[in-house]
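Student: Quick one: sequence and predicted model below, then my questions.
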Amino acid sequence: MTAPWDDWDHVLKLDPEKELPDGVTYGDICATGTDAIEVGGTTGMTEENMSAVIAACAEHDVPLYQEPSNPSVVVEDDALEGYLIPTVFNAGSPFWITGAHKEWVRIDDDVDWERTTTEAYIVMNPEADVATLTEADCELSADDVASYATVAERMFGQEIVYIEYSGTYGDPEIVRAASEATEESALFYGGGVSNYDSAYEMGRHADVVVVGNLAYDEGIEAIAETVDGAKDA
Ligand code: 1GP
């Protein structure tokens, strides 16, 4: 069975709490050559700010996914290709492994399973909001990460394994170890990718390179460079 992400190299993650730089539009963002846009963030998410970004991107021709950070912000919108639901495999709190998911199913009696995929997150930057929120154990060796990736793929059937260094550039050797451990799951890498070289380096190991902050800190040209790096890798 093929999945859309089998053909992706690069994803842009848009955080609805942040403002695009002056003069940059969502149209510009969608035209950078990225393979897909994920709308999501850890803090400050509301249905309103999520919906606004989804609506702004929906006018443009790029696959659009929501990555809801909690059950109350899931947006029902036909413009979305689907929902990528994070499960944090190294979370200290079980809420982020199955608890939030249980709440979602409890309050939403019409979950769109056809368009729902879970992503196995392995959170690696202890300074990131997502690490604090989920009480993640980020003290992991390459072996630990590879083993989590295998558990995600083999025991939990996760289509996507996501090495998340959000806010900092990660260790390529750890990403390589995860890549060697996964055979069927798509390996996503996100964190601190800021130019051609970093996108290329992580893209050598990961199937998909995710870029976030750069869209807000730098803008269009920098994103386009990372698209080139991820595609050349
Ligand atoms: C965040 O993995 C993404 O969820 C991207 O990280 O913002 O550091 O690019 P950055």
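Tutor: Done, it's in.
Student: Neighbours of the closest residue to the ligand within the chain, how many?
Tutor: Nearest residue of the chain to the ligand: G190, at 2.0 Å (CB to the nearest ligand atom). No exception for glycine: its C-beta is placed from N, CA and C like everyone else's. With neighbours defined by other CB atoms under 10 Å, the count for G190 comes to 25.
Student: Then the one 5 residues further on?
Tutor: When counting by other CB under 10 Å, one arrives at 14 neighbours for N195.
Student: just use 55 as the starting number from now, easier for me
Tutor: Sure, I'll start counting at 55 from here, so that last one is N249.
Student: ok, it touching A278?
Tutor: No: N249 lies out of contact with A278 (CB atoms under 8 Å); the separation is 10.7 Å.
Student: sorry, back to before: okay, and the beta partners of the residue of the chain closest to the ligand?
Tutor: On DSSP bridges, the residues paired with G244 through beta bridges are E218, V264.
Student: Verify the stated contact: it with Y216.
Tutor: Yes: under the criterion of CB under 8 Å, G244 makes contact with Y216 at 6.8 Å.
Student: what's near enough to touch the residue lying closest to K72 once chain neighbours are set aside?
Tutor: Excluding the flanking residues, the one nearest K72 by CB to CB, 6 or more residues apart in numbering is Y270, at 4.7 Å. Contacts for Y270 were tallied using CB atoms under 8 Å, 6 or more residues apart in numbering; they are D69, K72, E73, L74, P75.
Student: which of these tops the neighbour count?
Tutor: Of all the contacts of Y270, D69 has the most neighbours under the rule other CB under 10 Å, reaching 20 neighbours.
Student: circling back: tell me the buried residues in the helix or strand in which the residue nearest to K72 is found?
Tutor: When elements are assigned from DSSP states H and E, Y270 belongs to helix 268-271. For helix 268-271, the neighbour count (16 or more other CB atoms under 10 Å) marks L268, A269 as buried.
Student: G77: neighbour count?
Tutor: The burial count assigned to G77 is 8, neighbours taken as other CB under 10 Å.
Student: how about the helices of the protein, start to end?
Tutor: With DSSP state H as the criterion, the chain has helices at 80-84, 101-112, 153-161, 183-188, 196-204, 226-235, 250-259, 268-271, 274-286.
Student: Other residues contacting the fourth one?
Tutor: When you say that, I think you mean helix 183-188. Contacts of helix 183-188 (CB under 8 Å, 6+ apart): 96-97, 142, 145-147, 149-150, 175, 177, 179, 190, 192, 218, 220.
Student: Show me how to select, in ChimeraX, the buried members of those.
Tutor: What follows is the ChimeraX syntax selecting those of the contacts of helix 183-188 that are buried according to 16+ other CB under 10 Å:
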select :96,142,145,149,150,175,177,179,190,218,220
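Student: overlap between the contacts of helix 183-188 and the residues near the ligand?
Tutor: Contacts with the ligand within the contacts of helix 183-188, counted by CB under 6 Å from any ligand atom: E218, S220.
Student: what's the most distant pair in the contacts of helix 183-188?
Tutor: Using CB to CB, the pair of the contacts of helix 183-188 lying farthest apart is F149 and N179, separated by 19.8 Å.
Student: Report the separation between the residue of the chain closest to the ligand and M178.
Tutor: Separation of G244 from M178 (CB to CB, to the nearest Å): 10 Å.
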